[in-house]
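Peer 1: Please find the sequence and the predicted model below.
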Amino acid sequence: MTAATRILVLNSGSSSVKYQLLDMTDASRLAVGLVERIGEPASRFTHTPLFTGGETRVRAGAVADHAAALEAVADELAADGLGLDSPELAAIGHRVVHGGLMFTAPTVVDDAVLKEIERLVPVAPLHNPANITGIRTAQQLRPDLPQVAVFDTAFHTTMPEYAARYAIDVETADAHRIRRYGFHGTSHAYVSRRTAALLGKAPADVNVIVLHLGNGASASAVAGGVCVDTSMGLTPLEGLVMGTRSGDTDPAVIFHLSRVAGMSVDEIDVLLNKKSGLVGLCGDNDMREIVRRIDEGDESAGLAFAIYVQRLKKYIGAYAAVLGRVDAVAFTAGVGENSAPVREAAVAGLELLGLAVDPGLNAVRSDEARLISPAHSRVAVAVVPTDEELEIAQQVYALVNG
Ligand code: AMP
């Protein structure tokens, strides 16, 4: 009998499904794809069978819902001989954004688990419903197969109570499960471990500040492989300046906008989540475009960049204080992996903390994990490409193989 060594990783968003099929004997990717604009007349589906070096296939036309999207994914995989009915498929791993306090590790989904993910919808209204639909559809397609939920919050459940609690009335907070959960956990877990490996050390021996700077952005303080603080909170709105999210603001901004500007809670929600951050400050959320505009002397782009960097520095300083000893600062995700100007500016002036960037190393473009600090620096500065799908597949494979 063939051993089941393949893991399908599904990342179901509100209007998209991203997927990768991996073979865990060598962690290779057999196929990757993306269904976008689900529910719209002009959906778009791209599928690439990597194992044959095959070309990307693009399908246009309406994909009505997540069920139709997953059926289309199943069809494309079957066309490559990688169908979901294959005995080589060991499990399907689902990225689930909010796992609350209950889920501290990858979990095989049953009815009780689905109910709990549903109970968390009020704290993750944009994400958990799509994740639930993804799981239900996959269950229908392969009822016999383990469906495993991997939670974005799980890595942060080790945060001590004094880092996780807001300083608000305890009864109110507990009644409504208001606390800091943190997100991007699979990325912070993967990057902190990979950084330790880059330093030739065990994760248990290394303290790392991870800066996940994508369109969403978060920082975490990881002590000996364990998360002790992170910048996102009850929702992914808190913390760093992001593409479209404000990150930290005085909560009284919300009262003010309600009382003085007459805005509704929903309008303020959209303002802070979708129309703030870099896009709110200068009209662009792509860091490439912002840096290009700065080079042309654009003042609003310059100010947006400076606000973004100021926040990053504050978190680096705060997490250096939280950790006591820092072995490495690791940059990851779209901006962190690609933007040398952001990395240079974030570290500039932090010599006091032992931080510096070598301009030559920082300028090198590469897909590999690498050090960009000068030789003999007290603290390593690293660029570590994140790989959330591989991390999810590894966690799922480890779980189903006992
Ligand atoms: P992510 O959410 O990790 O996919 O990151 C997306 C963001 O990364 C984009 O909005 C850009 O701001 C940024 N990004 C991607 N490529 C580059 C690049 N070559 N240089 C600077 N920023 C980039």
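Peer 2: Yes, it's here. Numbering: from 1, shown residues only.
Peer 1: so where does the closest residue to the ligand within the stretch 251-400 of the chain fall, helix or strand?
Peer 2: Closest to the ligand within the stretch 251-400 of the chain is residue 334: 2.1 Å, counting by CB to the nearest ligand atom. Using the backbone N, CA and C atoms, a C-beta is placed for each residue, glycine as well. Here residue 334 sits within helix 333-338, counting by DSSP states H and E.
Peer 1: and if you look at residue 112?
Peer 2: Going by DSSP H and E, residue 112 is in helix 111-119.
Peer 1: packing partners for that helix?
Peer 2: Counting contacts by 3 or more CB pairs under 8 Å, 6 or more residues apart in numbering; DSSP states H and E, helix 111-119 packs against helix 128-141.
Peer 1: Name the residues of the helix it packs on that are buried.
Peer 2: Buried positions in helix 128-141, judged by neighbour count with 16 or more other CB atoms under 10 Å: 128-135, 137-139, 141.
Peer 1: What of stretch 306-325?
Peer 2: By neighbour count with 16+ other CB under 10 Å, stretch 306-325 contains the buried residues 307-309, 311-313, 315-316, 319-320, 322-323.
Peer 1: Turn these into CSV, including pLDDT and distance to residue 70.
Peer 2: As requested, the buried residues of stretch 306-325 are exported to CSV (pLDDT from 0 to 100; distance: CB to CB, whole Å):
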residue, pLDDT, distance to residue 70
307, 98, 40
308, 98, 37
309, 98, 41
311, 98, 38
312, 98, 38
313, 98, 43
315, 98, 38
316, 98, 41
319, 98, 39
320, 98, 44
322, 98, 41
323, 98, 42
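Peer 1: Just the ones in helices from the residues you listed, please.
Peer 2: Those of the buried residues of stretch 306-325 mapping onto helices are 307-309, 311-313, 315-316, 319-320, 322-323, per DSSP state H.
Peer 1: Where does residue 219 sit: helix, strand or coil?
Peer 2: Three-state call for residue 219 (DSSP: H, G, I helix; E, B strand; the rest coil): strand.
Peer 1: is it true that it touches residue 317?
Peer 2: No - in this structure residue 219 lies outside contact range of residue 317 using CB atoms under 8 Å: 10.8 Å.
Peer 1: shared neighbours of those two, anything?
Peer 2: Shared contacts of residue 219 and residue 317 (CB atoms under 8 Å, 6 or more residues apart in numbering): none.
Peer 1: Out of the ones in helices among the buried residues of stretch 306-325, flag the one nearest to residue 29.
Peer 2: Closest approach to residue 29 among those (CB to CB): residue 312, at 31.4 Å.
Peer 1: sorry, back to before: which of the residues in the helix holding residue 334 are buried?
Peer 2: Within helix 333-338, the residues that count as buried by 16+ other CB under 10 Å are 333-338.
Peer 1: what do you get for stretch 244-255?
Peer 2: 244-247, 254.
Peer 1: Below-threshold pLDDT in the stretch 101-250 of the chain: ranges please.
Peer 2: For the stretch 101-250 of the chain, no stretch is flagged by pLDDT under 70.
Peer 1: which bits of it sit near the ligand?
Peer 2: Among all residues of the stretch 101-250 of the chain, those adjacent to the ligand (criterion: CB under 6 Å from any ligand atom) are 214-215, 243.
Peer 1: what ranges do the helices span in the stretch 151-300 of the chain?
Peer 2: All helices of the stretch 151-300 of the chain, identified by DSSP state H, counting those that start in this stretch, fall at 161-164, 170-175, 185-198, 252-259, 265-274, 277-282, 287-295, 299-323.
Peer 1: Just say which of these is most tucked in.
Peer 2: Highest mean neighbour count of the helices of the stretch 151-300 of the chain: helix 185-198, a mean of 24 (counted as mean count of other CB atoms under 10 Å).
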